[in-house]
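[1] what's the 3D shape of this:
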Amino acid sequence: MFDLADDWVWDFWLADDGSAYHLFFLYAPRALGDPDLRHDHARIGHAVGTDLRRWQRLPDPLAQPRAGFDDLTQWTGCVVRDGQAWWMFTTGRSATDGGRVQRIGAARSADLITWERTGRVLEADPRWYDAGQGDVHWRDPWVVRDGAGTWHLYATARTGGTGSGVVGHATSRDLTTWEVRPPLSRPTGRFEWLEVIQVVQVEHRWVALFNCLSAEMPRDAADAGGIWTVPVTGPGEPVDVAAAVRLTDESSYIGKLVADRDHAWHLLSFRNRDVGDDFVGGVGDPVPVGWRADGRGLALRP
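    This next block holds a predicted model:
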């Protein structure tokens, strides 16, 4: 597993350059004392490995800016490749508005090591996404291209009211200019938000993965949350959130689906809570996954 002695590690995302996996992760000092404070002190770290189990830390990919959309905190993102360029999309919160508005920005790299910010920022469109109690939820970008060449950005978003978490959506032809579009799902009344969405093709079938804990599921019992999956027909297609099935309990969180060098699919997640209900952190080892027999989503394999 991957963890740090002096920092908590939690949300993460990966990039595969063909010979090594690059792990990008959020971290914050354990010296804060209370792990709940980590969200306001998050920075993005970088590690590299070849087997999804052993990792070597590298310098941070993005320096802390003096001003900008993420000068307060840097939050979860994703990495995609377009030709010879790698693109990293990340969430940011700014000190100018007290961190109440979440925005998505981008950086570009030729080698996954040295990154240059593009300066462009993507914000939620109030026609479709609600500001709630003054906070704008528009985070955790996941970018994937469809068969026609259009890029689709998925985001954690809300439309307003209880259980109004939806799949935020934007499209682009060049990864530079984006059009924010209506959500790809309807509010279920069950999930306050759908965190760190991922849409990938597992065993030749598309699946959407999202994360939600029971604290954000007001109509469910305690410990009802975890990592969730549901079939989709492809990038940019509707997501039936109400049909999602739970993949793990709340001991693990922020799942990522990744294929190993033998093309077998695995789930990586960070350790969320121990038996005493205390936050743990640290990215665990990969666990094999495959489709459920009923086809309703994914399941862990022994």
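
[2] Any idea which helix or strand in the protein has the lowest mean pLDDT?
    Comparing helices and strands within the chain by mean pLDDT, DSSP states H and E singles out strand 116-122 as the least confident, with a mean of 95.

[3] Direction included, what does the next helix or strand along the chain from it pair against?
    For strand 116-122, the succeeding helix or strand toward the C-terminus, using DSSP states H and E, is strand 138-145. Based on DSSP bridges, the strands next to strand 138-145 in the sheet, each with its direction, are strand 151-158 (antiparallel).

[4] The strand it pairs with - what's its average pLDDT?
    Mean per-residue pLDDT for strand 151-158: 98.

[5] Show me how far that strand is from its chain's centre.
    On the basis of Cα atoms, centre = their mean, to the nearest Å, the separation between the geometric centre of strand 151-158 and that of its chain is 10 Å.

[6] Does anything pack onto whatever helix or strand comes next after it? Which helices or strands?
    The first helix or strand that comes after strand 151-158 along the chain, using DSSP H and E, is strand 165-172. Using 3 or more Cβ pairs under 8 Å, 6 or more residues apart in numbering; DSSP states H and E as the contact test, the elements touching strand 165-172 are strand 151-158, strand 179-181, strand 205-212. The way it works is simple: take the backbone N, C-alpha and C, and place the C-beta from them, glycine included.

[7] and strand 165-172, average pLDDT?
    Taken as a whole, strand 165-172 carries a mean pLDDT of 98.

[8] how much does that strand deviate in direction from strand 116-122?
    Angle between the axes of strand 165-172 and strand 116-122 is 120 degrees (criterion: axes from the mean of the first three to the mean of the last three Cα atoms, to 10 degrees).

[9] And strand 165-172, what's buried?
    Residues of strand 165-172 classed as buried: 165-172 (neighbour count, 16 or more other Cβ atoms under 10 Å).

[10] Please save the CA atoms from that strand in CSV.
    Extracted C-alpha coordinates of strand 165-172, given in CSV (Å, rounded to 0.1, in the frame of the first residue of the first chain):
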residue,chain,number,x,y,z
GLY,A,165,-26.4,14.8,-6.2
VAL,A,166,-26.1,14.4,-10.0
VAL,A,167,-23.5,13.5,-12.6
GLY,A,168,-22.2,16.9,-13.8
HIS,A,169,-21.3,17.0,-17.5
ALA,A,170,-19.3,19.1,-20.0
THR,A,171,-18.0,18.4,-23.5
SER,A,172,-15.0,19.5,-25.6
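
[11] before we move on, back to that, which of the buried residues of strand 165-172 sits closest to residue 104?
    Distance from residue 104 was checked for each of the buried residues of strand 165-172 by Cβ to Cβ. The minimum falls on residue 170, at 8.4 Å.

[12] show me the contacts for the closest one.
    Taking Cβ atoms under 8 Å, 6 or more residues apart in numbering, we find residue 170 in contact with 122, 152-153, 155, 178-181.

[13] Take the residues you listed and lay them out in JSON lines including neighbour count.
    Output for these, formatted as JSON lines (neighbours: other Cβ atoms under 10 Å):
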{"residue": "122", "neighbour count": "22"}
{"residue": "152", "neighbour count": "20"}
{"residue": "153", "neighbour count": "26"}
{"residue": "155", "neighbour count": "27"}
{"residue": "178", "neighbour count": "21"}
{"residue": "179", "neighbour count": "12"}
{"residue": "180", "neighbour count": "20"}
{"residue": "181", "neighbour count": "15"}
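
[14] And those residues, which is closest to residue 228?
    Looking across the contacts of residue 170 and measuring by Cβ to Cβ, the closest to residue 228 is residue 155, at 16.5 Å.

[15] doesn't residue 138 make contact with the closest one?
    Yes - taking contact to mean Cβ atoms under 8 Å, the distance of 5.6 Å between residue 155 and residue 138 places them in contact.

[16] buried sites along the least confident helix or strand of the chain?
    Going by 16+ other Cβ under 10 Å, strand 116-122 has these buried residues: 117, 121-122.

[17] quick one: strands adjacent to that strand?
    In the sheet containing strand 116-122, the strands it pairs with under DSSP bridges are strand 102-109 (antiparallel).

[18] Return the distance of the partner strand from the chain's centre.
    Chain-centre distance of strand 102-109: 13 Å, with Cα atoms, centre = their mean.

[19] what do you get for stretch 187-204?
    Between the mean C-alpha position of stretch 187-204 and that of its chain there is a distance of 10 Å (Cα atoms, centre = their mean).

[20] Show me which parts of it are buried, residue by residue.
    Neighbour-count burial for stretch 187-204, counted by 16+ other Cβ under 10 Å, picks out 187-188, 190-200, 202.

[21] repeat for stretch 38-50
    Judged by neighbour count (16+ other Cβ under 10 Å), stretch 38-50 contains these buried residues: 38, 41-48.

[22] Cheers, nothing more for now.
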